[in-house]
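S.K.: Return a 3D structure for these sequence lines:
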Amino acid sequence: MKNLVLAALLAGGIMFGQTKKVVSSNIQWFGYKLAKTEASSHNGNLNLKSGEVVMKGYNIVGGTFALDMTTINATDLTGEYQTKLNNHLKNGDFFETDKFPSATYKITSVKKNNNKAFPYMVYGNLTAKNKTNPVAFPAKISLNKGVLTMVSDKFTFDRQKFDIAYASPAKDVVIKDDIDMIITITAK
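M.R.: Numbering: from 1, shown residues only. This is a model prediction of the structure:
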């Protein structure tokens, strides 16, 4: 009888979904000046406040990630220049972290992808500075002994769709609208 109850509970969890909490993450960003090249770029990281992935059986059916925008950090610079860029990214010219300390990403679906290296496409909505737009990315997803790992390929979104724009239109022209990201999460 105990085995039957346990089997029913497990089946119910698989049918109705289970939530896995993110236990580690690595979020990298890449911004570009006039030319989208490594020589004219800055890069860095930011922290995840919290996250969860909703699974139904072995499939991801949803998830929510809260990004801590106050932790945005340029890692290609050091000292005074790093401090200046970090403050610049956090002020009203870009992310306005005093008004908008978080951004969120909500997974709406995950589908198979024809790319062998990144066989899934993750679709969802990114909300930053109270603007929400769809953002999708290719990913490798694995589930091993209850631990989910998701690693994205480098993907791009348009910062202008989120009002992440330099206050001076003339200065904003020298910065590409593309922001690239690579995301790695582990959840269990």
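
S.K.: Where in this protein is the helix or strand with the lowest mean pLDDT?
M.R.: Here the helix or strand of the chain ranked lowest by mean pLDDT, DSSP states H and E is helix 2-16, holding a mean of 44.

S.K.: Adjacent strands (with direction) for the next helix or strand after that one?
M.R.: Once helix 2-16 ends, the next helix or strand along the chain (criterion: DSSP states H and E) is strand 18-32. Next to strand 18-32 in the sheet, as set by DSSP bridges, lie strand 41-56 (antiparallel), strand 178-187 (antiparallel).

S.K.: so can I have TSV of those showing mean neighbour count, distance to T78 and mean pLDDT?
M.R.: C-beta here means a position set from N, CA and C on the backbone, and glycine is covered the same way. TSV is the format used below for those (neighbours: other Cβ atoms under 10 Å; distance: least, Cβ to Cβ, whole Å; pLDDT from 0 to 100):
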stretch	mean neighbour count	distance to T78	mean pLDDT
strand 41-56	17	12	97
strand 178-187	18	22	97
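
S.K.: quick one, which of the ones you listed is nearest to P138?
M.R.: strand 178-187 (10.9 Å; Cβ to Cβ).

S.K.: residue ranges with poor pLDDT in this structure?
M.R.: 1-16, 35-39, 167-173 (pLDDT under 70).

S.K.: burial of the residue lying closest to M181 once chain neighbours are set aside, as a residue count?
M.R.: Spatially, and ignoring its direct neighbours in sequence, M181 is nearest to W29 (5.4 Å; Cβ to Cβ, 6 or more residues apart in numbering). Applying other Cβ atoms under 10 Å, we find 19 residues neighbouring W29.

S.K.: thought W29 was touching S41?
M.R.: No. The pair W29 / S41 is not scored as a contact, 10.2 Å apart, by Cβ atoms under 8 Å.

S.K.: In a helix, K84, correct?
M.R.: Yes. Under DSSP: H, G, I helix; E, B strand; the rest coil, K84 sits within a helix.

S.K.: wait, what's in contact with M181?
M.R.: Applying Cβ atoms under 8 Å, 6 or more residues apart in numbering to M181 gives the contacts 27-30, 137, 152, 154-157.

S.K.: ok, back up a step: list the contacts for the residue nearest to M181?
M.R.: W29 makes contacts with 43-46, 72, 179-181, as judged by Cβ under 8 Å, 6+ apart.

S.K.: TSV for those, including distance to P101?
M.R.: Formatted as TSV, these follow (distance: Cβ to Cβ, whole Å):
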residue	distance to P101
N43	22
G44	17
N45	16
L46	11
I72	11
I179	18
D180	22
M181	19
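
S.K.: For the residue nearest to M181, name its beta-bridge partners.
M.R.: Under the criterion used (DSSP bridges), W29 bridges to G44, M181.

S.K.: what number of residues lie near T132?
M.R.: Neighbour count of T132, defined by other Cβ under 10 Å: 14.

S.K.: Same question for the one 10 residues further on.
M.R.: S142: 9 surrounding residues under other Cβ under 10 Å.
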